[in-house]
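**Q** Got a sequence here, can you build the structure:
(one chain, ligands or ions: 1)
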Amino acid sequence: MTAIRSVGVVGCGLMGAGIAEVCARAGKDVVVVESSPAAADAGRQRLEASLKRAESRGKIEAAAPVLARIQVVEQLETLADRELVIEAIVEDEVAKTELFRRLDGILTDPEAILASNTSSIPIMKLGVVTSRPEHVLGIHFFNPVPVLALVELVPSLLTSPAVTERARAFVQDDLGKQAIDCQDRAGFVVNALLIPFILSAIRMLESGFATAEDIDRGLVLGAAHPQGPLALADLIGLDTTKAVAESLYEEFKEPLYAAPPLLARMVDAGLLGRKSGRGFYTYS
Ligand SMILES: CC(=O)CC(=O)SCCNC(=O)CCNC(=O)[C@H](O)C(C)(C)COP(=O)(O)OP(=O)(O)OC[C@H]1O[C@@H](n2cnc3c(N)ncnc32)[C@H](O)[C@@H]1OP(=O)(O)O
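**A** Here you go, the predicted model:
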C-alpha cells in the first residue's frame, strides 16, 4: 500500500481549514481550493490563526514550516496531481455532486482517492457521478479537527476495500486519528445520535421548558459533556446543524430528525452560531 503524500482539500471553512491543518502538521503537501479571492484570504487567515495558537500552546514547534506546506488557491485544476482529495464544502447535495463530477475529470492519478467530509449526504450519491466510485469514500472529521481524535470512515457499496484500508492507514498512522467504520447511511454513527439530541434541546428551549444556559449547564454538570447541546450547535454552525437534520429527515422520515422552527428562523436570520457572532449565545 503506497503512503499518501499529497493532499487536496476543497473548502477552507471551519472543517476544511482544520483538515488542511492536521494534514500539514503530519508533514503532507497540502493544496486547498477556495471559491473566491475573499474566501481564500479568509481561509489563509483561519489557518494562520489556528497554527499560531497551536504554536503558542506548545502543540507544534513553529507555525511557519507547517504553513509553508499549505497552498491556498482558487483553481480546482491545481488538484490534478493529488493522491487524496477531501471535499469540505457546504453541506448541499447538489453542490457536492457537481464538485465530485468536476474532480473526477481533473485528477490524473487513477489510484487517487476522492473523499468527502460530509456529515450526512450518502457517499453513494457522490460516487455514482464519477467514473471511479470504487475510489470514493467518506472521511468524516469532527470539529475542532485539530482537537478531536475521531474520524468516521464510510465506504459506499461500491468502494473498494483496498481504498478504505489506504484511507484508514492515512488517518490513523499518518494523522494519528482513530477511525470507526460506518455504513453509508445519513448521519453515519455520530450525527445520527448527536443531531436528534441537539434538536431535542432546541425544542426544549423553544417550548419555554428551560433557558439555554440551564439546558447546557444541565448536560455539562449532570452528564459531564464538555459543552452543552446549544453551545455545541453554535460551534457546529446552525446552518450546518439544520442541513444535517434535513438530510437525516430525508433519509429516515422520523420526526425526531425534523428541524424545529426556532432553528429554521435563526438560520433565516443569519444567526449561525460562533461563525456569525451570534447563535444561542453571543460571541465577541
Ligand atoms: C456536524 C458534524 O458533522 C461533526 C461535528 O463536528 S459534531 C461536533 C463534535 N464536536 C464536539 O462535540 C465538541 C465538544 N466540545 C469540546 O470538545 C470542547 O468544548 C472544545 C474542545 C470545543 C473546547 O474545549 P474547552 O475545554 O471548553 O476550551 P479550551 O480550554 O479553550 O480548549 C481545550 C483544548 O482544546 C483546544 N482547542 C479548543 N478549540 C480549538 C480549536 N478551534 N482549534 C484548535 N484547538 C482548540 C485548546 O487549545 C485546548 O487545548 P489544551 O488544553 O491542550 O491547551
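**Q** Would you agree Ile195 is in contact with Gly187?
**A** Yes - with the criterion set as C-beta atoms under 8 Å, Ile195 and Gly187 qualify as a contacting pair; they are 6.4 Å apart. Placement of C-beta: from N, CA and C, glycine included.
**Q** Between the two, tell me which one has more neighbours.
**A** For Ile195 and Gly187, the more surrounded residue by other C-beta atoms under 10 Å is Ile195, and the numbers stand at 27 against 23.
**Q** From the ligand, how far off is Gly8?
**A** With distances defined as C-beta to the nearest ligand atom, to the nearest Å, the gap from Gly8 to the ligand amounts to 20 Å.
**Q** same check, this time on Gln227
**A** The span separating Gln227 from the ligand equals 4 Å under the rule C-beta to the nearest ligand atom.
**Q** same thing with Thr97?
**A** Distance check for Thr97 against the ligand: by C-beta to the nearest ligand atom, it reads 19 Å.
**Q** Now the common contact residues for Ile195 and Gly187.
**A** With contacts taken as C-beta atoms under 8 Å, 6 or more residues apart in numbering, the residues that reach both Ile195 and Gly187 are Val244, Leu248.
**Q** Val129 should be in a helix, yeah?
**A** No - for Val129, which was evaluated using DSSP: H, G, I helix; E, B strand; the rest coil, the result is coil, with no helix membership.
**Q** so what's Ser116 up against?
**A** Counting by C-beta under 8 Å, 6+ apart, the residues that Ser116 touches are Ile86, Glu87, Lys96, Phe100, Ile123, Leu126, Val136, Leu137, Gly138, Ile139, His140.
**Q** correction: Met266
**A** By C-beta under 8 Å, 6+ apart, Met266 lies in contact with Leu238, Leu272, Gly279.
**Q** one more time with 10 Å
**A** Going by C-beta atoms under 10 Å, 6 or more residues apart in numbering, Met266 touches 202, 233, 238-239, 241-242, 260, 272-273, 276, 278-280.
**Q** from those, which two are the most distant?
**A** Farthest apart among those by C-beta to C-beta are Pro260 and Ser276. That separation is 19.0 Å.
**Q** out of these two, which sits in the busier spot?
**A** Higher neighbour count among Pro260 and Ser276: Pro260, with 19 against 16, using other C-beta under 10 Å.
**Q** circling back: mind listing which of the contacts of Met266 are in helices?
**A** For the contacts of Met266, membership in helices holds for Ile202, Ala233, Leu238, Asp239, Thr241, Lys242, with DSSP state H as the criterion.
**Q** Switch those residues over to TSV; also include pLDDT, neighbour count and distance to the ligand.
**A** Output for these, formatted as TSV (pLDDT from 0 to 100; neighbours: other C-beta atoms under 10 Å; distance: C-beta to the nearest ligand atom, whole Å):
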residue	pLDDT	neighbour count	distance to the ligand
Ile202	98	25	15
Ala233	98	28	9
Leu238	98	29	11
Asp239	96	20	11
Thr241	97	30	7
Lys242	97	23	11
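**Q** which one of the residues you listed sits closest to Val10?
**A** Ranked by distance to Val10 (C-beta to C-beta), the ones in helices among the contacts of Met266 are led by Asp239 at 18.2 Å.
**Q** what's near enough to touch that closest one?
**A** Shown in contact with Asp239 (C-beta under 10 Å, 6+ apart): Val90, Glu91, Leu263, Met266, Val267, Gly270, Leu271, Leu272, Gly273, Lys275, Ser276, Gly279.
**Q** List, one by one, the residues from the stretch 101-250 of the chain near the ligand.
**A** Taking C-beta under 6 Å from any ligand atom as the measure of proximity, the stretch 101-250 of the chain contacts the ligand at 119, 142-144, 146-148, 191, 194, 226-227, 232, 235-236, 240, 244.
**Q** I'd like to know which of the residues you listed is nearest to Ser131.
**A** So of these, ranked by how close each gets to Ser131 (C-beta to C-beta), first place is Ser119, at 25.7 Å.
**Q** So that closest one lies in a helix, does it not?
**A** No - the secondary structure assignment for Ser119 gives coil rather than a helix, going by three-state DSSP.
**Q** what's around it, how many residues?
**A** Using other C-beta under 10 Å as the criterion, Ser119 is surrounded by 28 other residues.
**Q** Same check on the one 3 residues further on?
**A** Other residues near Pro122 come to 20 when the count uses other C-beta under 10 Å.
**Q** you'd agree it is up against Gly138?
**A** Yes - in this structure Pro122 lies within contact range of Gly138 using C-beta atoms under 10 Å: 8.9 Å.
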